[in-house]
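1. starting from these lines, generate the structure:
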Amino acid sequence: MSRIAATIFSAALVLASSVVGQSPGHASAQAGRAEASDPRARAMPIFNEGLELVSQQRWAEALDRFLEARTIFESWTIVFNIGYCQRALGRYVDALETFQGFLSAELDGVAATRAPEARNYVRELEARLVHLAVEVPEDARRGLEVSIDGRAVELPSSGRIALRLDPGAHTVQARRDGYQPLFLDRQLRPGARERVEVALEPLPARLQVTANIDEADVILDGDSIGSVPFDAEIRPGRHRLEVRGPDYVPHRAVLNVESGDTARVRAYLSEAPAPITTKWWFWTGIVAAVAGAAVATWALTRPEPEPPPYDGGNLDWVVGGP
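-> Modelled structure (predicted):
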């Protein structure tokens, strides 16, 4: 038997006598003859099982027996033994609370003789506990849920949670609608003091775009980000969206997407009207206009015909001088 086990077992045997005022063996022999209504007598066999398990260093099973015995018969002797087992299991927070409760009682008899030992354990356990401070900025407190090692912890108005924990691995988890969950893992040694600040990242928004034509381009804030059907995460906030297709009128929209939300856009693109240059009558008119302009130009620029000679008419006669 290890030294600590021997110490605990010896202390437990001494304390056991205060449960019924007799040795454990004698009490066990009389337990069967006790009346069923006597809680002390009913608790004694269970208490003795705990003592046997302590001698075998089966701390968890011993603790279960002592806890069960306490539900039947309230005794500070049993409480002291519960604290022993919790300490041996490394459950320092529980053990500290148990010994502090033991010392706060009005002890008498054998239990009172264990008060100095209990005070030593309190000092030892306080030095072994780890101190974890969780701080939440004011702008992140609304709607925030915090849990430590899977257990919900109430967030005070100050935004600061101060905890005493057993040494070892611990996880701080924070959740808030519209933000990515936060998980902070810490491996804390005995006596460690750790401070963590909760800083949550907004959840990305999501954009889903479909269109009445295949492989139309998706343009977000002027940048091409893919083609339809489109489904991807985007930054939350306000965006300009265009869906373009060759020979189609672009679909345009303004989006305002919150964190964690999904914007679903069904774009209907109508065919762009054909350019006027593709119309037959346009070019016919152009040709006619060009021809008319050419005739007018020729008419305006051709040389004037020579006038008939002034010394003869159309009869080719000439009027001579005297």
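
2. identify the residue spatially nearest to the residue nearest the centre of the chain, adjacent ones excluded.
-> Nearest to the mean C-alpha position of the chain, counting by Cα atoms, centre = their mean, stands Pro181 at 0.6 Å. In space, not counting the residues next to it along the chain, Pro181 is nearest to Arg175; the distance is 5.1 Å by Cβ to Cβ, 6 or more residues apart in numbering. Where C-beta positions appear, they are placed from N, C-alpha and C, glycine not excepted.

3. I'd say that neighbour and Leu144 touch.
-> Yes. Contact between Arg175 and Leu144 holds when scored by Cβ atoms under 8 Å: they sit 7.4 Å apart.

4. more neighbours: which of those two?
-> Comparing Arg175 with Leu144 by neighbour count (other Cβ atoms under 10 Å), the higher total belongs to Leu144, at 18 against 15.

5. which residues touch that one?
-> For Leu144, the contact set (Cβ atoms under 8 Å, 6 or more residues apart in numbering) comprises 136, 155, 174-176, 198, 200.

6. what separates it from Leu107, distance-wise?
-> According to Cβ to Cβ, to the nearest Å, Leu144 and Leu107 sit 44 Å apart.

7. rewinding a little: identify the bridge partners of the residue nearest to Pro181.
-> Under DSSP bridges, the beta-bridge partners of Arg175 are Glu145.

8. pLDDT at it, what is it?
-> Looking at Arg175, its pLDDT reads 94.

9. what segments of the stretch 151-300 of the chain are strands?
-> Secondary structure of the stretch 151-300 of the chain (DSSP state E, counting those that start in this stretch): strands located at 151-153, 160-165, 168-175, 182-188, 193-197, 205-211, 217-220, 223-227, 230-234, 237-244, 251-257, 262-267.

10. do the stretch 1-150 of the chain as well
-> Going by DSSP E, counting those that start in this stretch, the stretch 1-150 of the chain shows strands at 130-135, 145-148.

11. can I get these in a markdown table with mean pLDDT and mean neighbour count?
-> Formatted as a markdown table, the entries for the strands of the stretch 1-150 of the chain read as follows, by pLDDT from 0 to 100; neighbours: other Cβ atoms under 10 Å:
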| stretch | mean pLDDT | mean neighbour count |
| --- | --- | --- |
| strand 130-135 | 96 | 17 |
| strand 145-148 | 95 | 16 |
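
12. that older thread, can you list the strands of the stretch 151-300 of the chain in JSON lines and add distance to Pro116?
-> Rendered in JSON lines, the data for the strands of the stretch 151-300 of the chain read as follows (distance: least, Cβ to Cβ, whole Å):
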{"stretch": "strand 151-153", "distance to Pro116": "34"}
{"stretch": "strand 160-165", "distance to Pro116": "23"}
{"stretch": "strand 168-175", "distance to Pro116": "29"}
{"stretch": "strand 182-188", "distance to Pro116": "30"}
{"stretch": "strand 193-197", "distance to Pro116": "29"}
{"stretch": "strand 205-211", "distance to Pro116": "64"}
{"stretch": "strand 217-220", "distance to Pro116": "74"}
{"stretch": "strand 223-227", "distance to Pro116": "73"}
{"stretch": "strand 230-234", "distance to Pro116": "63"}
{"stretch": "strand 237-244", "distance to Pro116": "66"}
{"stretch": "strand 251-257", "distance to Pro116": "67"}
{"stretch": "strand 262-267", "distance to Pro116": "66"}
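
13. which of the ones you listed sits closest to Glu52?
-> Between Glu52 and these, the shortest separation by Cβ to Cβ is 29.0 Å, and it involves strand 168-175.

14. for the closest one, packing partners?
-> The contact analysis (3 or more Cβ pairs under 8 Å, 6 or more residues apart in numbering; DSSP states H and E) places strand 168-175 against strand 130-135, strand 145-148, strand 182-188.

15. which one of the ones you listed lies closest to Ile161?
-> With Cβ to Cβ as the yardstick, what comes closest out of the helices and strands packed on strand 168-175 is strand 130-135 (4.2 Å).

16. what's that closest one packed up against?
-> When contacts are defined as 3+ Cβ pairs under 8 Å, 6+ apart, strand 130-135 sits against strand 145-148, strand 160-165, strand 168-175, strand 182-188, strand 193-197.

17. no more questions from me, cheers.
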